[in-house]
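[1] Mind looking at a prediction? Sequence and model below.
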Amino acid sequence: MAFAVHNSLTRTKEPFRSLEPGVVRMYNCGPTVYSRPHVGNYRAFLFADTLRRWLEYSGFRVEQVMNITDVGHLTDDADDGEDKLEKQARKEKLDPWAISRKIAAQFFADLDALGVRKAKVYPKASEHIPEMLEIIDGLIAKGHAYVVGGDVYFDVKSFPRYGRLSGNRVEDLAAGARIAVREEKHNPEDFALWKSDPAHVMKWATRFGPNGFPGWHIECSAMARKHLGDRIDIHTGGEDNIFPHHECEIAQSEGFTGVPFATYWMHAKFLQVDGGKMSKSLGNVYSLDDVQAKGFSARALRFALIRGHYRQPLNFTWDIMRESTSALEGLDDMVVRLRRALHGEGASPSADDGLESFADVKAEFEAAMDDDLNTPRALAALFKLRTHVLEGRLGISAAAVALQFVERRANSVLGCIQTEAATIDAEIETLIEQRQAARKAKDFKESDRIRDELLARGIVLEDGQSGVTWKRK
RNA sequence: GGCGGCAUAGCCAAGCGGUAAGGCGACGGAUUGCAAAUCCGUUAUUCCCCGGUUCGAUCCCGGGUGCCGCCUCCA
């Protein structure tokens, strides 16, 4: 078994090897907490979560850090650029700190609902100013950065590898730049490490002046270093982060430490909605609340967002949510049937029947995940197992092994299959019995009435040859 | 204008040089008191278009077209 990942840095699939055997240090670019997280955000975070889960499945201990950016994001790079948080704060008539706390809380609640495993730490930019300043000072000392007034800029020309991640050439950037060239920068492509602006609400006094705040990219360099060290194994983010954010992080971190920053850079493709881009003006920027208000569960959303490969475009529509819900039910149902097969119900006569085909399924599942987290293929393997189960091809022993695999292993990676046995209370049980009695008496009007009543309570009845079974809708 | 990615059935979505996985939906049949679930069958002679390389291309190359992302602190 060998895990291979697509490395944005080399644009190729490479065998995964951690710096330290058995341990993976991973940094995920998290949200900027100025507005409600949406399905597009979830895709990127679910990708990171799936990666972490697969690494853990593979036996690694994962040191995972996801940052919370709560300061310093300008809406543009010009002089009158306004901090996104502060802009939102003005709109809502709250102070920016309140906004960031509110959104961060929503973000954590969403992650929880989506079944995302918790990172070791979720560092906040605002709480790592000293760490950022340490790097900034170091970069100035090494000639990678220069001070102009109360601002500090990174000198891109001092870092020849700048552009390697994104494929951008510095000359092209300068030529096509839409940002206004700022006079005090040595070169247009230089980026800010520290800025000063008295109008800024979130600001810190430093040797660069009383009204300073950090540039966007420096926070990640500082927090990754503080919580994971100078060198990390994996750095993830949305594809939009490749440039300029990650490109700049590399320049800062490596310029400062002198050693390679992240071995692997992995980026999730943007989620499309209705086949196109997601935008506020189109009204298709959905949050978890919107999805749930339409009657879909968080785990169905999780399924919908991980069923496509993370580097392929993935579409989101309400039809797709319906489809995902149905497909997931099939997987839930497989677990129920496997559990029944343990008692011989729907099982193949010989206990070991189906062990080989199960082994094939497991091998395919693992091979697919090892191949750069190919979740669609892994899911296909699971659906193949479902077919085997429905056809009654698994004996009791095979069913036990398969159930254990689905519950403990496959779902430890997917995190959305309903594996807990559902229970019903005595009242429901009585109703089911009453319906059976009515059916026996051929009082179908009454039996259908009870069936409808149960359906209204979320219980679906299935009349089989060996009696009735129920499941939750 | 520069850089990168994608285009596969009604809808999603794998495959990426050897003759099209899987899911959802739809239709026909079986089963059922009726349903639901399940089972059987049908649903891409073909992978955006045009050239080329090859014994052979969805997969490689060139050119179009369309969509997505970055170059604007949006995952």
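    Looks like it came in fine. Numbering: from 1, shown residues only, chains lettered A, B, ... in the order given.

[2] contacts and neighbour counts: CA atoms only from here.
    Will do.

[3] any idea of the pLDDT on the residue in the stretch 151-300 of chain A positioned nearest to RNA strand B?
    Using Cα to the nearest atom of the strand, residue A:238 is the residue of the stretch 151-300 of chain A that sits closest to RNA strand B, at 2.1 Å. According to the prediction, residue A:238 has pLDDT 94.

[4] what does residue A:92 give?
    Residue A:92 is assigned 75 on the pLDDT scale.

[5] Test my guess that residue A:287 contacts residue A:36.
    Yes: when contacts are counted by Cα atoms under 8 Å, residue A:287 is listed as touching residue A:36 (7.0 Å).

[6] The closest residue to residue A:23 other than its chain neighbours: neighbour count?
    The spatial neighbour of residue A:23 that comes closest, neighbours along the chain excluded (Cα to Cα, 6 or more residues apart in numbering), is residue A:61 at 4.8 Å. A count of nearby residues for residue A:61, using other Cα atoms under 10 Å, gives 15.

[7] And residue A:61, how far from residue A:217?
    Between residue A:61 and residue A:217 the distance, using Cα to Cα, to the nearest Å, works out to 27 Å.

[8] next one: residue A:269
    Where residue A:217 is concerned, residue A:269 sits at a distance of 20 Å (Cα to Cα).

[9] One more: residue A:5?
    In this view, residue A:5 and residue A:217 are 25 Å apart by Cα to Cα.

[10] try residue A:126
    In this structure, residue A:126 and residue A:217 are separated by 13 Å, where distance is defined by Cα to Cα.

[11] Wondering if stretch A:157-170 reaches RNA strand B at all.
    Yes: under the criterion of Cα under 7 Å from any atom of the strand, stretch A:157-170 makes contact with RNA strand B via A:166, A:167, A:168, A:169.

[12] same thing with stretch A:368-384?
    Yes: with Cα under 7 Å from any atom of the strand as the threshold, stretch A:368-384 lies in contact with RNA strand B, specifically through A:374, A:376, A:377, A:379, A:380, A:381, A:383, A:384.

[13] How far does that stretch stretch from one end to the other?
    Across its full length, stretch A:368-384 reaches 14 Å end to end, with Cα to Cα as the criterion.

[14] Distance from it to the middle of the chain?
    Stretch A:368-384 sits 17 Å away from the centroid of its parent chain (Cα atoms, centre = their mean, to the nearest Å).

[15] which residues are contacting it?
    Judged by Cα atoms under 8 Å, 6 or more residues apart in numbering, the contacts made with stretch A:368-384 from elsewhere in the structure are A:1-6, A:13, A:50-51, A:54, A:306-310, A:331, A:361-362, A:364-367.

[16] Could you do stretch A:26-38 as well?
    Contacts made with stretch A:26-38 from outside it, assessed by Cα under 8 Å, 6+ apart, are listed as A:41, A:45, A:48, A:62-70, A:84-85, A:88, A:99-101, A:103-104, A:106-107, A:220, A:224, A:228, A:232-238, A:285-288.

[17] Report the backbone C-alpha coordinates of it in PDB.
    Only the C-alpha atoms of stretch A:26-38 are listed here, as PDB (Å, rounded to 0.1, in the frame of the first residue of the first chain):
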ATOM      1  CA  MET A  26      -0.300  19.200   8.000                       C
ATOM      2  CA  TYR A  27      -1.400  22.800   7.800                       C
ATOM      3  CA  ASN A  28      -4.800  23.600   6.300                       C
ATOM      4  CA  CYS A  29      -5.600  27.100   5.100                       C
ATOM      5  CA  GLY A  30      -8.800  27.800   7.000                       C
ATOM      6  CA  PRO A  31     -11.500  30.500   6.700                       C
ATOM      7  CA  THR A  32     -11.400  34.200   6.900                       C
ATOM      8  CA  VAL A  33     -14.100  34.800   9.400                       C
ATOM      9  CA  TYR A  34     -16.000  37.700   8.000                       C
ATOM     10  CA  SER A  35     -19.000  36.000   6.500                       C
ATOM     11  CA  ARG A  36     -21.000  32.800   6.900                       C
ATOM     12  CA  PRO A  37     -19.100  29.600   5.600                       C
ATOM     13  CA  HIS A  38     -20.800  28.200   2.500                       C
END
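
[18] re the thing from before, show the buried residues in the contacts of stretch A:368-384.
    Taking 16 or more other Cα atoms under 10 Å as the criterion, what is buried in the contacts of stretch A:368-384 is A:3-6, A:50-51, A:54, A:306-310, A:331, A:361-362, A:364-367.

[19] Which ones among the residues you listed also lie next to RNA strand B?
    A:307, A:308, A:309, A:310.

[20] near RNA strand B, which residues of the stretch 201-350 of chain A show up?
    Within the stretch 201-350 of chain A, the positions near RNA strand B by Cα under 7 Å from any atom of the strand are A:215-217, A:237-244, A:268-272, A:274-278, A:307-315, A:319-320, A:322-324, A:326-327, A:330.

[21] So among these, which ones count as buried?
    When those are checked for burial by 16+ other Cα under 10 Å, the buried set is A:215-217, A:237-239, A:241-242, A:244, A:268-272, A:278, A:307-311, A:314-315, A:322, A:324, A:327.

[22] Which of the residues you listed fall in helices?
    Secondary structure of these is defined by DSSP state H; positions in helices are A:322, A:324, A:327.

[23] Can you get me a residue count around residue A:52?
    Here the neighbour count serves as a burial measure; for residue A:52 (other Cα under 10 Å) it reads 23.

[24] Hmm, residue A:63 and it touching each other?
    No: because the distance of 9.0 Å does not satisfy Cα under 8 Å, residue A:52 is recorded as not touching residue A:63.

[25] which strands and helices sit next to whichever strand or helix holds residue A:335?
    With elements taken from DSSP states H and E, the one containing residue A:335 is helix A:318-341. Under the contact definition 3 or more Cα pairs under 8 Å, 6 or more residues apart in numbering; DSSP states H and E, helix A:318-341 sits against helix A:298-306, helix A:375-390, helix A:396-404.

[26] how about JSON lines for these, with mean pLDDT added?
    Rendered in JSON lines, the data for these read as follows (pLDDT from 0 to 100):
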{"stretch": "helix A:298-306", "mean pLDDT": "97"}
{"stretch": "helix A:375-390", "mean pLDDT": "96"}
{"stretch": "helix A:396-404", "mean pLDDT": "97"}
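
[27] which stretch among these comes nearest residue A:349?
    Within those, the stretch nearest residue A:349 is helix A:396-404; the backing value is 8.1 Å (Cα to Cα).

[28] pLDDT weak spots in the stretch 101-250 of chain A?
    Counting by pLDDT under 70, the stretch 101-250 of chain A has low-confidence residues at A:173-183.

[29] Show me what from the stretch 351-473 of chain A comes close to RNA strand B.
    A:374, A:376-377, A:379-381, A:383-384, A:387, A:390-391, A:439, A:444-445, A:447-448, A:460-464.
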